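> take a look and give me a structure for this.
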Amino acid sequence: MISPLVRLFGRDERILVGAATGDDAGVFRFGDRALVATADFITPVCDDPRRFGRVAAANALSDVYAMGGRPLFALNLCCFPELAGEGEAALAGILHGAAEALVDAGAALLGGHSVRDPELKFGLSVVGEADPERLLTNAGARPGDRLLLTKPLGTGILINAFKVDKLDEAGLEPALGEMERLNDVASRLALAHGVHAATDVTGFGLAGHALGMARASGAALRFVFARLPVHAEVYRLLRAGVTTGCTLANEENVAAVLTDRAGLDRLRREVLFDPQTSGGLLLAVPPESAEALLAALLASGHAAAEVGEVLAAAPGIEVV
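Numbers count the residues shown, from 1 in each chain. Next comes the predicted model:
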């Protein structure tokens, strides 16, 4: 089916990756290079303004890394309430944290845009570059590929628990450290080990982003639930009734094509649909490279795991 925009404006051969495949970022051919463009912003995940700025920046930069790109520059996207005094200092801290993350990423900050909003939100618009012959998209997974996940799951549960005082700062800290971690090293290692497909795991949860890869690749993805890395405290908080406002919608998004062969109870199922902030990369790796890539990820400090495989079947998700 041809989209109305294509019928109206025609195809632009410079667009290497557009909206059709639901990839993490758009890709535009510019000479012999590819420009990777994205935008993302989030609400606060912690009480420390500087660290929230770092997490928000890492979250936005992740889309470029998921495409096999390198960030070049960014623009701040600021939705700030009317604040004075301590509030202004907090906003300065957010901007400072984001600038730190950009320095870590080797990217330049060119400015940004701000609007007044009763709810604080912050993020970045990012442009990066990539080799057009070595793009990582969600469309290349092949039957037999192994699935690797580079960060633990459960950040949505942990953030919400912190907001309602069911988790203290010490309990949030391990997840906060992972959310601050850039996906730059994981992206470079993925390219070096010949990964066939990649996506970052964010707001749609593991199952939602996996389904995007499955549909784009024309294959099914099978996960071994016991292998999924999950942050400590997640199951305790689930038993205490903590959930997120996105979990149910994320489950409904994949329900028709999710096969649960593991017989998961309600609490464990939530891990599949928990919306992640600055989550890890889900990688479809040739079987002969999976062990070496996993070892390299672990050696670089990632709490990574091999979590499943790609099947020659109709697009869908299977959990065993």
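> where does this structure have low pLDDT?
Along the chain, the model assigns pLDDT under 70 to residues 1-10, 83-86.
> residue ranges of the helices in it, please?
All helices of the chain, identified by DSSP state H, fall at 4-9, 49-66, 86-105, 155-163, 169-180, 184-192, 205-217, 234-239, 247-254, 266-273, 287-299.
> just the C-alphas of the third one, formatted as CSV.
It refers to helix 86-105. The C-alpha atoms that make up helix 86-105 are tabulated as CSV, following Å, rounded to 0.1, in the frame of the first residue of the first chain:
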residue,chain,number,x,y,z
GLU,A,86,15.5,26.9,43.1
GLY,A,87,13.5,26.0,40.0
GLU,A,88,15.8,27.9,37.7
ALA,A,89,18.7,26.2,39.3
ALA,A,90,17.1,22.8,38.7
LEU,A,91,16.6,23.7,35.0
ALA,A,92,20.2,24.8,34.7
GLY,A,93,21.2,21.4,36.2
ILE,A,94,19.2,19.5,33.6
LEU,A,95,20.8,21.4,30.8
HIS,A,96,24.3,20.9,32.4
GLY,A,97,23.7,17.1,32.6
ALA,A,98,22.6,16.9,29.0
ALA,A,99,25.6,18.8,27.9
GLU,A,100,27.9,16.4,29.8
ALA,A,101,26.3,13.5,28.0
LEU,A,102,26.8,15.1,24.7
VAL,A,103,30.5,15.7,25.5
ASP,A,104,30.7,12.0,26.3
ALA,A,105,29.1,11.2,23.0
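> may I see the buried residues of it?
When burial is assessed from 16 or more other C-beta atoms under 10 Å, helix 86-105 yields the following buried residues: 90-91, 93-95, 97-102, 104-105. Bear in mind the C-beta positions are built from the backbone N, C-alpha and C, glycine included.
> from Leu167, how far out is the closest residue to Glu13 other than its chain neighbours?
The spatially closest residue to Glu13, leaving aside those adjacent along the chain, is Arg29, at 7.8 Å (C-beta to C-beta, 6 or more residues apart in numbering). As for Arg29, its distance to Leu167 is 46 Å (criterion: C-beta to C-beta, to the nearest Å).
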